[in-house]
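Colleague: no sequence on this one, just coordinates:
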């Protein structure tokens, strides 16, 4: 087990020191409690991933889908903390094109 941990640490550190690489399945947590698990490329969210917003703007919101250059881009699902959701296409971090909004009514 110790050898595996050392090998993973070596791979991760060498990729940071000697160039950009694609890393899959890495969990990252920011100081505000936001978390991301998914694919990375060139130190940016790229490919498939899931992001959960921590304290601050969007707290409790979730996005799961495709990323490009650290932005929501492609097919995905955004769920607001109140239960509203959008499932569809995203471009440059915003809903774009065909998709479905579902609003949760309060009464």
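Modeller: Great, that's in hand. None of the values given here were measured: they were computed from a predicted structure.

Colleague: which residues in this structure form helices?
Modeller: Taking DSSP state H, the helices of the chain run over residues 2-17.

Colleague: where does it have its least confident helix or strand?
Modeller: In the chain, the helix or strand scored least confidently by mean pLDDT, DSSP states H and E is helix 2-17, which has a mean of 46.

Colleague: ranges for the strands of this structure?
Modeller: 22-29, 35-41, 44-52, 62-68, 71-79, 85-91, 94-102 (DSSP state E).

Colleague: residue contacts, residue 83?
Modeller: The neighbourhood of residue 83, defined by Cβ atoms under 8 Å, 6 or more residues apart in numbering, consists of residue 104. To be clear about C-beta, it is placed using only N, CA and C from the backbone, and glycine gets the same treatment.

Colleague: mind checking how far it is from residue 62?
Modeller: Computed with Cβ to Cβ, to the nearest Å, the distance linking residue 83 and residue 62 is 11 Å.
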